[in-house]
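K.L.:
with the input below, show me the fold.
(one chain, ligands or ions: 1)
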Amino acid sequence: MSIRLRFAPSPTGDLHVGGARTALFNWLYARHMGGKFLLRIEDTDRERSTEAAVQAIFDGLKWLGLDWDEEPLFQHTRQEAHCAAVARLLETGHAYRCYCTAEELEQMRAEQRAHGGKPRYNGRCRHRTDAPDQPFVVRFRTPSEGMVGFDDLIKGRVAVANEELDDLVLQRSDSTPTYNLAVVCDDAEMGITHVIRGDDHVNNTFRQLHLYEALGLKAPQFGHMPLILGEDGAKLSKRHGATSVFEYARLGYLPAAMRNHLARLGWSHGDQEQFTTEELVAAFDIKDVGASPSVFALQKLDSLNGWYLRNGDLDEVTDLFADFLQQEAIPIEVDHDSARLRRIVESQRERTATLKEMAEKSDYFFREEIDLDEKAAHKHLRPVVLAPLRELRDTLAALPAPLTAEGVKPPFEAILERHGLKMGKLAQPVRVALTGGGISPGIYDVIEIIGKERCLTRLDAAIAYVERRAEHP
Ligand code: GLU
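P.N.:
This is a model prediction of the structure:
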């Protein structure tokens, strides 16, 4: 039988790093085993669930390249089945009606606390035989003796004494089902064979195992993934910076790098750091997920991202860069054909870690006009370079458009030779003239990408700047 896994987010916000890793591990394991990866939107909390959050989950998964099989199941559409399961449990005596009011429950907890005990439901309505006309919740009759346990795919054997678990509410007084009941019904309905989720659900799993048994359903296998920590060792949160997948997209990270980074949070495969998606799918096994928490280190993500920028397919990276520019509405004052954008990516990808940095550092390629960095101009645009700068301007003007890096190189070198200059002595002033600052890709590439007309305008402006300096030293 082929395996079936699912990702079951509650649509109450963006897709976060933790949820994205859960989705990824389920997806990787399903794909590795040739099974199915399903999606269930846990939207029974109608007040907190929003359309926008559902869309954010879909978009986040798509951005990460995690495709799902079959139609997503919206949990709120299953209320009838959930209620039927509760009715069955009442019939078989596995559940009972509890009429305790909120005040009574509070008083119960206060007494327990006063006696140094753990606040919990004391089973007061367990043996009630009357059926007063009052609001009630339905509680599960947890076995009072024995243990409940399972072999976790990640943590190994885990078990708890039943007396540690109190009688959980299955259905609220307004008839809505609670999380544990709904999850068991729906995982069974969807034929889920493996549930891989966060560590924080271990206690729910004990309760869910009881429910599977009481409902006569076969329980899936479970694997609970350890926490993701920030670099200070505390649970990853807003405080550590970006937490939603979209924030990372907006910061200019590539989906492949994010996928690779998330995969390495708790899973390893020898010493290998970089994986193509195919390699991840081929190598991923849930058995290799570690039981200790992993740290989300931004530096690692940066270095992976840089690697993907440098080594990714140039056309693909260019497309992602174009999407990024559009998404961020980066003002590009010129029409750029994709060939030009491709050249920009080619020249910048060795020197940038993110698409955002690439965009920021490519400003001078996109804008009609540039500002000269005062310090760089002062240092490099000095009267001594006036003659070679003028010569370069006239040489470029005489070359046919479009200028190319190879075409510009020989006349540029000839000017160096005539003036007895080393490369940097002319390249740096030209760089400042064309880009406004002292850092850019190779000067021939810069000339080609900026294009003849703009190179001439910018050189003219730089020459005028040097002339002013020569006149008023
Ligand atoms: N909606 C639950 C959550 O987001 C799902 C937990 C589960 O996978 O069962 O935590």
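K.L.:
low pLDDT regions in the protein?
P.N.:
Applying pLDDT under 70 to the chain picks out residues 1, 331-337.
K.L.:
can you tell me the closest non-neighbouring residue to G65?
P.N.:
Using CB to CB, 6 or more residues apart in numbering and skipping residues adjacent in sequence, the residue nearest G65 is P255, 5.6 Å away. Every C-beta, even on glycine, is put in place using the N, C-alpha and C of the backbone.
K.L.:
give me the distance between that neighbour and F246.
P.N.:
Note on P255: its distance to F246, by CB to CB, to the nearest Å, is 11 Å.
K.L.:
identify the contacts common to the two.
P.N.:
Residues touching both P255 and F246 by CB atoms under 8 Å, 6 or more residues apart in numbering: W63.
K.L.:
can you pull the buried residues of the longest helix along the chain?
P.N.:
If each helix of the chain is counted by residues according to DSSP state H, the longest one is helix 452-471. When neighbours are counted by 16 or more other CB atoms under 10 Å, the buried residues of helix 452-471 are found to be 452, 454-456, 458-459, 462-463, 465-466.
K.L.:
need those residues in a markdown table with distance to the ligand, can you?
P.N.:
Compiled in a markdown table, the buried residues of helix 452-471 are given as follows (distance: CB to the nearest ligand atom, whole Å):
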| residue | distance to the ligand |
| --- | --- |
| K452 | 57 |
| R454 | 52 |
| C455 | 55 |
| L456 | 59 |
| R458 | 54 |
| L459 | 59 |
| A462 | 58 |
| I463 | 63 |
| Y465 | 60 |
| V466 | 63 |
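K.L.:
residues in the stretch 51-200 of the chain within reach of the ligand, list them.
P.N.:
If contact is defined as CB under 6 Å from any ligand atom, the residues of the stretch 51-200 of the chain in contact with the ligand are 183, 197.
K.L.:
contacts only, for the residue of the stretch 51-200 of the chain found nearest the ligand.
P.N.:
When scored by CB to the nearest ligand atom, the stretch 51-200 of the chain has R197 as its residue closest to the ligand, at 3.8 Å. In this structure, R197 makes contact with 8, 22, 222-225, judged by CB under 8 Å, 6+ apart.
K.L.:
hmm, try it at 10 Å
P.N.:
Residues in contact with R197 (CB atoms under 10 Å, 6 or more residues apart in numbering) are 6-8, 19, 22, 25-26, 183, 204-205, 222-225.
K.L.:
who wins for neighbours among those?
P.N.:
The most crowded member of the contacts of R197 is R6, carrying 29 neighbours; neighbours defined as other CB atoms under 10 Å.
K.L.:
for stretch 320-334, buried residues please.
P.N.:
For stretch 320-334, a neighbour-count test (16+ other CB under 10 Å) marks 320-322, 324-325, 332 as buried.
K.L.:
and if you look at stretch 342-351?
P.N.:
Counting neighbours by 16+ other CB under 10 Å, one finds that the buried residues in stretch 342-351 are 342-345, 347-349.
K.L.:
how near is N203 to L168?
P.N.:
Going from N203 to L168 by CB to CB gives 10 Å.
K.L.:
actually A52, sorry about that
P.N.:
From A52 over to L168 (counting by CB to CB), the distance is 31 Å.
K.L.:
thought the residue nearest to G65 was touching L304?
P.N.:
No. Distance between P255 and L304: 11.6 Å, which falls outside the contact criterion (CB atoms under 10 Å).
K.L.:
circling back: more crowded one of A52 and L168?
P.N.:
With other CB under 10 Å as the criterion, A52 and L168 differ in neighbour count, and L168 comes out ahead with 21 against 11.
K.L.:
in the helix or strand where the residue of the stretch 51-200 of the chain closest to the ligand lies, what counts as buried?
P.N.:
Counting by DSSP states H and E, the secondary-structure element that holds R197 is strand 194-198. Of all the residues in strand 194-198, those buried under the rule 16+ other CB under 10 Å are 194-197.
K.L.:
after it comes which helix or strand?
P.N.:
Following strand 194-198 in sequence, per DSSP H and E, is helix 202-214.
K.L.:
can you tell if that next one touches the ligand?
P.N.:
No. With CB under 6 Å from any ligand atom as the threshold, helix 202-214 lies outside contact range of the ligand, at a closest distance of 6.9 Å.
K.L.:
how far off helix 202-214 does the helix or strand that comes right after that helix point, in degrees?
P.N.:
Once the chain leaves helix 202-214, the next helix or strand it forms, by DSSP H and E, is strand 221-225. Relative orientation of strand 221-225 with respect to helix 202-214: 170 degrees, computed using axes from the mean of the first three to the mean of the last three CA atoms, to 10 degrees.
K.L.:
who does strand 221-225 pair up with?
P.N.:
Sheet pairing for strand 221-225, assigned by DSSP bridges, gives strand 194-198 (parallel).
K.L.:
re the thing from before, any idea how far S2 is from the residue nearest to G65?
P.N.:
Distance from P255 to S2, by CB to CB: 27 Å.
K.L.:
so how many other residues sit close to the nearest residue to R454 once chain neighbours are set aside?
P.N.:
Sequence neighbours aside, E368 is the residue nearest to R454 in space, at 7.6 Å (criterion: CB to CB, 6+ apart). As a burial measure, the neighbour count of E368 was computed by other CB under 10 Å and equals 8.
K.L.:
contact partners for E406?
P.N.:
444, 448.
K.L.:
okay, it and the ligand: tell me how far apart.
P.N.:
Distance of E406 to the ligand, given as CB to the nearest ligand atom, to the nearest Å: 56 Å.
K.L.:
with A297 instead?
P.N.:
24 Å.
K.L.:
just use 39 as the starting number from now, easier for me
P.N.:
Happy to do that; since the first residue is 39 now, the last one works out to A335.
K.L.:
correct me, but that residue touches E269?
P.N.:
Yes. Contact criterion CB under 10 Å: A335 and E269 qualify, at 5.8 Å.
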